[in-house]
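Student: coords please:
(3 chains)
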Amino acid sequence: MLHGGDYNPDQWLDRPDILADDIKLMKLSHTNTFSVGIFAWSALEPEEGVYQFEWLDDIFERIHSIGGRVILATPSGARPAWLSQTYPEVLRVNASRVKQLHGGRHNHCLTSKVYREKTRHINRLLAERYGHHPALLMWHISNEYGGDCHCDLCQHAFREWLKSKYDNSLKTLNHAWWTPFWSHTFNDWSQIESPSPIGENGLHGLNLDWRRFVTDQTISFYENEIIPLKELTPDIPITTNFMADTPDLIPYQGLDYSKFAKHVDAISWDAYPVWHNDWESTADLAMKVGFINDLYRSLKQQPFLLMECTPSAVNWHNVNKAKRPGMNLLSSMQMIAHGSDSVLYFQYRKSRGSSEKLHGAVVDHDNSPKNRVFQEVAKVGETLERLSEVVGTKRPAQTAILYDWENHWALEDAQGFAKATKRYPQTLQQHYRTFWEHDIPVDVITKEQDFSPYKLLIVPMLYLISEDTVSRLKAFTADGGTLVMTYISGVVNEHDLTYTGGWHPDLQAIFGVEPLETDTLYPKDRNAVSYRSQIYEMKDYATVIDVKTASVEAVYQEDFYARTPAVTSHEYQQGKAYFIGARLEDQFQRDFYEGLITDLSLSPVFPVRHGKGVSVQARQDQDNDYIFVMNFTEEKQLVTFDQSVKDIMTGDILSGDLTMEKYEVRIVVNTH
Amino acid sequence: MLHGGDYNPDQWLDRPDILADDIKLMKLSHTNTFSVGIFAWSALEPEEGVYQFEWLDDIFERIHSIGGRVILATPSGARPAWLSQTYPEVLRVNASRVKQLHGGRHNHCLTSKVYREKTRHINRLLAERYGHHPALLMWHISNEYGGDCHCDLCQHAFREWLKSKYDNSLKTLNHAWWTPFWSHTFNDWSQIESPSPIGENGLHGLNLDWRRFVTDQTISFYENEIIPLKELTPDIPITTNFMADTPDLIPYQGLDYSKFAKHVDAISWDAYPVWHNDWESTADLAMKVGFINDLYRSLKQQPFLLMECTPSAVNWHNVNKAKRPGMNLLSSMQMIAHGSDSVLYFQYRKSRGSSEKLHGAVVDHDNSPKNRVFQEVAKVGETLERLSEVVGTKRPAQTAILYDWENHWALEDAQGFAKATKRYPQTLQQHYRTFWEHDIPVDVITKEQDFSPYKLLIVPMLYLISEDTVSRLKAFTADGGTLVMTYISGVVNEHDLTYTGGWHPDLQAIFGVEPLETDTLYPKDRNAVSYRSQIYEMKDYATVIDVKTASVEAVYQEDFYARTPAVTSHEYQQGKAYFIGARLEDQFQRDFYEGLITDLSLSPVFPVRHGKGVSVQARQDQDNDYIFVMNFTEEKQLVTFDQSVKDIMTGDILSGDLTMEKYEVRIVVNTH
Amino acid sequence: MLHGGDYNPDQWLDRPDILADDIKLMKLSHTNTFSVGIFAWSALEPEEGVYQFEWLDDIFERIHSIGGRVILATPSGARPAWLSQTYPEVLRVNASRVKQLHGGRHNHCLTSKVYREKTRHINRLLAERYGHHPALLMWHISNEYGGDCHCDLCQHAFREWLKSKYDNSLKTLNHAWWTPFWSHTFNDWSQIESPSPIGENGLHGLNLDWRRFVTDQTISFYENEIIPLKELTPDIPITTNFMADTPDLIPYQGLDYSKFAKHVDAISWDAYPVWHNDWESTADLAMKVGFINDLYRSLKQQPFLLMECTPSAVNWHNVNKAKRPGMNLLSSMQMIAHGSDSVLYFQYRKSRGSSEKLHGAVVDHDNSPKNRVFQEVAKVGETLERLSEVVGTKRPAQTAILYDWENHWALEDAQGFAKATKRYPQTLQQHYRTFWEHDIPVDVITKEQDFSPYKLLIVPMLYLISEDTVSRLKAFTADGGTLVMTYISGVVNEHDLTYTGGWHPDLQAIFGVEPLETDTLYPKDRNAVSYRSQIYEMKDYATVIDVKTASVEAVYQEDFYARTPAVTSHEYQQGKAYFIGARLEDQFQRDFYEGLITDLSLSPVFPVRHGKGVSVQARQDQDNDYIFVMNFTEEKQLVTFDQSVKDIMTGDILSGDLTMEKYEVRIVVNTH
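Tutor: Numbering: from 1, shown residues only, chains lettered A, B, ... in the order given. As a prediction, the model looks like this:
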């Protein structure tokens, strides 16, 4: 298990005493893995063509000397000032067509030939010098790729990308983007510009293609970066750190990670939940943490790395509240439980100056191992040392929820419904909640993935759906799968063009219904549905449904569609398909999915009885279940093991009742 | 009665099946009039000088073949990409002096000679080809004119406009704009620039003149567009569609429609009330719909056209909620009742792509006549077919409320009072409410219009008032009119320069009072007035009044002006003048105006007794009253006809009590 | 005592009747001092090199003729249009690098050689012409200096300033700014640019130095302006008017006035409290007015001038509510009580046009002495005429609170804690409150000032603290002073670099504690401390404290640091040092400081017993105490004089109980 984090010795090259303390404190903190070189370009190449590697040689040696490992970063995330000054083409141009000045980070042009050459060259030098160093564990490409550039080079690249996509046919593009609308027909490729607040921003097909292009161009930039690494260090795995959007921990919207995942050897990501906030319970947030981990793990269906988290507070939330005692261990173990093989922090040592000097770190400004945060990090380290056999273990699941980046983009862009209440990823979390509460493993998958391993597939709000996806959902259900779909699904195809002539015939066949209208409600509007003699509150969205061959499961209570179907079920060939027409309160999903859990015999990996707010998550290999029992509440909780298990930390055999303290985590093993 | 709407076959030229369905569905929907060619420039002239009219020929023929009519639009609202590319001067420059990229719509330079030539040319071609087609009903110039351009061409035009207005005298301009303030004196015309967030924005005289110029330049652009139409089709009426600002349905602020009205043959406008919202009652909103219609109708004192509305939901409100069953008929009939001779929708057929694909339409993506919205449209069509005799009938009124665009601009721009509570048009609605509740016809007129037809003239918050308006108000009252004026009136003249030496002597003469101070309150501050033994809540504004010869009608209850006059009345020659010094709760206006209604014998066209939320509006000709009885509540309502009338739909004679369903509308005729 | 204000006759040069009325009304309003020439450049030099002084000669003569005095302004605050047109380099460039158009005011480049020459030249002409006029009282340089310019000239000046500060060593600068962070190391001075939203904005050392440069460059501009004045009128004092930030009346953030104060002969400032608002009591706001006055007076430890205030309402608050009867006198007397030797208004006469035409003035648009505001101004004038012996008297204090502009800048810029709750100056107000409530004089001093005159020095939230300040605090305490410091103190040094190796050893020595963690809470989070058997509510911030040699005064009640110290005290050599670790409710500060008031025998200048909301402030000379007893409540208040005093207005001897009316002020003298 990797434990450590981002380490920036390049900030302390004039302080050999600090560099020496770093090594001592690594041992005391039970850390073993350090991401080095992120943002170090100025230190490595202070002037163009003048290199300084000695300090990095020394860091490699020191880390190696204590048995540690290095995740070596390529430095493209922040270039030196001389580079921007000498080659202004590397500076990004924003959507308003304003060329940015030098500064910040993560803001280079994605297309610039100069920048691609410069990054490839410095990466080659790094690979040549450290590629075979025994301490080298992994490559960390750039840092948190994101954003876009609208310079002329990128405009050109975008047009070439479009030509390729649309077979050099403007006619095809004009149709796909529905350009006759508002007289937007293009008759020359040079007329096409990226979306802009000072130009075109309402052509949805263009917007969607621009986002796709940005993902592709970012991957292209990344692929250029790794050319020398693949060549010189073919055995060293490569990753780049992904992100999530705060505070709901929804998938990062800037890039389609389902595409990017294919290009990395391992998923790694930076997790910054807003623990201890004042608007939701700890358990509510823990559920969201589970969800995003289940998505990022499922991208490659293999364990991932927690590349960054904070041992205490961050510096960029609205309120930067420190993790309470025990929370660093608890939250770290949750990441492991959901599939991480690491706990890596940003940052190992706090910087003295500039904007991140107050961001939490393993080593604080006091340079001491005595403070609370350091001690809690060391506790995590000791725990991870007992978990080495968990490395590489899997989390098989029979339930999947489908998330799609393109759908999210198209739905957010859609003019219609209500801007503030679309909440696509939050709706997925709402459907995920019941399974999390019942400790039932879930994969959060994307549309290209294989549906066949699952008994149950949940597809909420799939506004954008391709013919291919429709076919695959049909096959899944026909072959015996249980499919759940909701309101606002199947509206547009992959070009963001609506289906015409009614709902897709295959969807009608699967569900035995046709949605007639989607009613969008004002925030204070409420309706309700009746389902199995209970009444559930409804808000935001309701579908008026024409039932053809389906059975009615729930009916609306009020408004002009009172007494009409709100939820339906339908036997389709070997499988069954449910359509949930309305946005309903959590308790509906709870009662509805508990029925399916029973019907489909979905179960936790290992049953532990517990109250609300305790989560039990497991990783498995052929021989063992590694079970993480986590108390995400501020109270003591009673949990009950009906089978005896071994506490992996203490070696004790646990059975029957166990009282867990606030934020306590127990890791137990069940040998098959 | 025209029934139909915007129709964009140019989006479906590759789908002859759809074009054929369009015609079939027109008949089924009882629609007869279609606005064609809006945004069709790319389809008409795909390359510069290369024209394609065949498709439009075909549309004309098809519509004609079913007895339908075409409102033909000029395509200037959205130009082809090639036009922007070849002639960049047509691109608008925003107030921050940033030239916009091609994209969007409604964003051309108002001055560009090239664009004026291009639009005149294509308009000529349209007039030549379709000007004598029997299906051609009307010209629809461009679409929803609005916005401004700050390019060098417009700066030049603005300076010429100023030279003309100020007799080539910078001295006159400097005085009118009070430029010695902040050393802003101009000594060369070239120093004058339009208002800008990066330059001058606090010179109120400049701001006001810029807005006047923008109206004049827009009209100039429009006048250029219609040159070939006037020449080739002198008998075809010309309109352009006006707008309102949402959600309070206040008059559109971008242009002074009182000027524009003189240049069109008929007023037409696009009405998008936020029906069924969660912050006001349906009746409250219906009152606002009544108000704006009474303004737009009064602009030309003749029936107008509802050029756009939605049969279901729009796509650009914050929440896009569908009209409930019955609301399309009810709201359509309200438009007719207030003077419209049409119900036209945006849009006939929903587009498949881009930003308006989810905007309500007669024909939905299902391409079917079976859905609820289509059926309700057909119901409106059937109703309109019974109302042909209503076409052209008038709505004579004895009560007028004065609205002034220039006053609105100047008051919004004024530094002083409280930004958030000026609410000039909302205050007019507040004064309009009582008359609407009592079914008493009101004209909402502008300052140039003849005051003499009215018994009662209400002038709230007329901050900007010219000497001429003062004289005309004086004459109106002297001649026996009843005049009501409120707080924040008579502060500045038409140059936005304050009157000095006290309130205008003529206003003092009319009202017998002088306002001493206007007190501006914080949002949570409250005071009250006592009027005829009742106490009414007051907020926002209070005038401390020096009563000279007036009678005191109401007095303040608190604060340093407690026990001083808040409302006064004054006999002035043949007439009477009331001054309302404070912003009072609705019930005050209700009680106050009910007194005037009695005193002046103001009455509905036809008396119908009913409860709150029912509106009875009438149109009249020499022989008949056409009475629209509309239930704007969600409950059944009892209405009582003391005289018998004939139901225009059923032919039944109605008399005595009648129970109306939620949202029900009855149209009855009373023959004189 | 000066009474009068900004007077702009240049707006009325075509109205000799108005100019004549001005003089008559000056006498009636008991005003005697007028700030003339602010924004008069266009009137003085209508074309380049063409001067018009005659009108100003006349104004000087007229004012002199009635015994009045002139504060003559230099006109640089708003230049003529011809100047911007001929010399575009004088136009400011904003942080986004957009060159501004001509317009507004206070927006010239700070560096432009042309503008410096032009201003020096016109100032010389003014000094030559009016420097020896008997009516000339003082120079008013420009107006409300503020803002910054990012043009190339300013970039160059900034780089030169940096070279000078950092001894021409980029290495020193790189270290001070901690540039290795995010690879920001500069290897050429030309790479440095001012902070920008389109470039670098997260390099805190750069941000801080830019703000320092802007202050220095503004002072440099000012010093250039006064060259001819110093030369030609060495005996005429020079000032420039300072500002405060609204609505909490916190110190203006644009400039470090502690530096600027050294360059003016007298502090003058523009005070615009939001009296009668709807979110705080009148007394709460009066306390804030006291605080800012005590800061601005302490900048030079001498009486200051109230250069601007409004006799009624302003025009730029969100709600522009008029001062209630009595408030102008009360608030004017408060200014005098806290050290002002003037009551000057913006503005003497209301302008007719442009953006300030609705701003309160002595002479309103009615041009009459009869209105309420005029009468109340005259009352202030009559009162001031009785206060001539107060001129020049002091306000000695034994208590000081430390405010530091650089600390404010650095703390606001800090990423960490919670953006919305830093509230540094508001925290100082919170500590000031108890002394204000007890009528105990306080100086609000800056870090360079002598600490030794004080018994008690309060240093809240001193996030940025230099070694020098630490030493001086140490010496203060060692020598017997009582020092109070709070949470978030001593984090960074003057380069915004954190202290390392723990809290500064000298701070540990003084306080006998070491802060271990600063806990940042969410807005709804609450904790509490127990202090002397009382429980006090805590929010926002808590310091976890390691007590070394200190005594524990208060302990936390909840959370993981429950039962640990929250407030400590420590005897250090001759003195005592308190550390308040948490943000506590007002009542804590009240009880805590009441203890210190007793311990240190702090007392009012003259004891008057009274209830809440009454403030008693005094000025003193060798012979007399001038005591201002002010009722800042809306109720009658009983005050009790235990010693007899003389009412300075009536000459009555007051003793024992006195009932004061709402907003009443009494000024009494106690002769030693």
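Student: burial check on residue A:643, number of neighbours?
Tutor: Residue A:643 is flanked by 10 other residues according to other CB atoms under 10 Å in any protein chain shown. For the C-beta atoms, the positions are set from N, CA and C on the backbone; glycine is no exception.
Student: so what's it scoring on pLDDT?
Tutor: Per-residue pLDDT puts residue A:643 at 92.
Student: of all of the stretch 401-550 of chain A, which residue lies closest to chain C?
Tutor: Chain C sits closest to residue A:426 of the stretch 401-550 of chain A, with a gap of 20.3 Å, by CB to the nearest CB.
Student: CA atoms only: put the helix or strand hosting that residue into CSV for me.
Tutor: Element membership of residue A:426 [criterion: DSSP states H and E] is helix A:424-437. The C-alpha trace of helix A:424-437 is given here as CSV (Å, rounded to 0.1, in the frame of the first residue of the first chain):
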residue,chain,number,x,y,z
TYR,A,424,-27.9,14.7,-13.2
PRO,A,425,-25.0,13.3,-11.1
GLN,A,426,-26.9,14.1,-7.9
THR,A,427,-29.7,12.0,-9.2
LEU,A,428,-27.4,9.1,-9.7
GLN,A,429,-26.2,9.5,-6.1
GLN,A,430,-29.9,9.4,-5.1
HIS,A,431,-30.3,6.1,-6.8
TYR,A,432,-26.9,4.8,-5.5
ARG,A,433,-27.9,5.6,-1.9
THR,A,434,-30.0,2.5,-1.1
PHE,A,435,-27.3,0.1,-2.2
TRP,A,436,-24.7,2.0,-0.2
GLU,A,437,-27.0,1.9,2.8
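Student: spell out which parts of the stretch 451-600 of chain A neighbour chain C.
Tutor: Within the stretch 451-600 of chain A, not a single residue sits near chain C (CB under 8 Å from any CB of the partner chain).
Student: quick check: residues of the stretch 451-600 of chain A near chain B?
Tutor: Near chain B, when you scan the stretch 451-600 of chain A using CB under 8 Å from any CB, you find A:492, A:495-502, A:516-517, A:519-525, A:544, A:559-560.
Student: in PyMOL, how would I select just the buried ones from the residues you listed?
Tutor: A single PyMOL command selects the buried members of these (16 or more other CB atoms under 10 Å in any protein chain shown):
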select buried, chain A and resi 492+495+496+497+498+499+502+516+517+519+520+521+522+525+544+559
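Student: quick one, what contacts residue A:453?
Tutor: A:398, A:400 (CB atoms under 8 Å, 6 or more residues apart in numbering or on different chains).
Student: ditto for residue A:80
Tutor: For residue A:80, the contact set (CB under 8 Å, 6+ apart) comprises A:41, A:42, A:45, A:46, C:183, C:185, C:187.
Student: switch the cut-off to 6 Å
Tutor: The neighbours of residue A:80, taking CB atoms under 6 Å, 6 or more residues apart in numbering or on different chains as the test, are A:41, A:42, C:183.
Student: so which of these wins on neighbours?
Tutor: Within these, residue A:42 tops the neighbour count with 27 neighbours, counted by other CB under 10 Å.
Student: give me the contacts around the helix or strand harbouring that residue.
Tutor: For residue A:42, the host element (DSSP H and E) is helix A:41-44. Contacts of helix A:41-44 from elsewhere in the structure, counted by CB under 6 Å, 6+ apart, are A:10, A:75, A:79, A:80, C:183, C:185.
Student: for the second one, list the residues it contacts.
Tutor: Residue A:75 is in contact with A:37, A:40, A:41, counting by CB under 6 Å, 6+ apart.
Student: ok so, going back, what's the farthest-apart pair in the contacts of helix A:41-44?
Tutor: The span of these, defined through CB to CB, is set by A:10 and A:79 at 14.3 Å.
Student: helix or strand right after the longest helix seen in chain A?
Tutor: Taking DSSP state H as the criterion, chain A has its longest helix at helix A:204-232. Using DSSP H and E, the helix or strand that follows helix A:204-232 in sequence is strand A:238-239.
Student: partner strands of that following strand and their direction?
Tutor: With DSSP bridges as the test, strand A:238-239 is paired with strand A:136-140 (parallel).
Student: how far off centre is the strand it pairs with?
Tutor: Here strand A:136-140 shows a centroid-to-chain-centroid distance of 21 Å under the convention CA atoms, centre = their mean, to the nearest Å.
Student: show me what it is in contact with.
Tutor: By CB under 6 Å, 6+ apart, the surrounding residues in contact with strand A:136-140 are A:35, A:69, A:70, A:71, A:72, A:73, A:130, A:229, A:236, A:237, A:238.
Student: hmm, 8 Å instead?
Tutor: If you take CB under 8 Å, 6+ apart as the criterion, strand A:136-140 is touched by A:2, A:33, A:35, A:37-38, A:60, A:69-74, A:130, A:226, A:229, A:233, A:236-241, A:266, A:268, A:307.
Student: in ChimeraX, how would I select the buried members of those?
Tutor: Paste this into ChimeraX to select the buried members of these, with burial taken from 16+ other CB under 10 Å:
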select /A:2,33,35,37,38,60,69,70,71,72,73,74,130,226,229,233,236,238,239,240,241,266,268,307
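Student: ok, how many other residues are close to residue A:363?
Tutor: Using other CB under 10 Å, residue A:363 is surrounded by 26 other residues.
Student: beta partners for it?
Tutor: Taking DSSP bridges as the rule, residue A:363 bridges to residue A:349.
Student: so what's the residue nearest the centre of chain A bridging to?
Tutor: What sits nearest the mean C-alpha location of chain A, by CA atoms, centre = their mean, is residue A:251, with 4.4 Å. Beta-bridge partners recorded for residue A:251 (DSSP bridges): residue A:244.
Student: what of residue A:639?
Tutor: Assigned bridge partners for residue A:639, using DSSP bridges, are residue A:610, residue A:658.
Student: separation between it and chain B?
Tutor: Distance, residue A:639 to chain B, using CB to the nearest CB, to the nearest Å: 44 Å.
Student: isn't that residue right up against residue A:664?
Tutor: No: under the criterion of CB atoms under 8 Å, residue A:639 is not in contact with residue A:664, lying 9.8 Å apart.
Student: so how far is residue C:529 from the residue of the stretch 201-350 of chain A found nearest chain C?
Tutor: When you check the stretch 201-350 of chain A against chain C by CB to the nearest CB, the closest residue turns out to be residue A:278, at 3.6 Å. According to CB to CB, to the nearest Å, residue A:278 and residue C:529 sit 20 Å apart.
Student: same thing with residue A:23?
Tutor: Taking CB to CB, one finds residue A:23 at 41 Å from residue C:529.
Student: of the two, who's got more company?
Tutor: A count of neighbours by other CB under 10 Å puts residue C:529 above the other of residue A:23 and residue C:529, at 25 against 14.
Student: ok so, going back, state the next helix or strand along the chain beyond the helix holding residue A:42.
Tutor: From helix A:41-44, the next helix or strand downstream (DSSP H and E) is helix A:54-65.
Student: tell me what angle that next one forms with strand A:136-140.
Tutor: Computed by axes from the mean of the first three to the mean of the last three CA atoms, to 10 degrees, the angle separating helix A:54-65 from strand A:136-140 equals 130 degrees.
Student: could I get the average pLDDT for the very next helix or strand once past helix A:54-65?
Tutor: Sequence-wise, the next helix or strand downstream of helix A:54-65 (DSSP H and E) is strand A:69-73. If you average the pLDDT over strand A:69-73, you get 98.
Student: what sits up against strand A:69-73?
Tutor: A:2, A:32-38, A:40, A:59-60, A:63-64, A:126, A:130, A:133, A:135-143, A:344.
Student: repeat that for 6 Å
Tutor: Contacts for strand A:69-73 (CB under 6 Å, 6+ apart): A:33-38, A:60, A:63, A:130, A:135-138, A:140.
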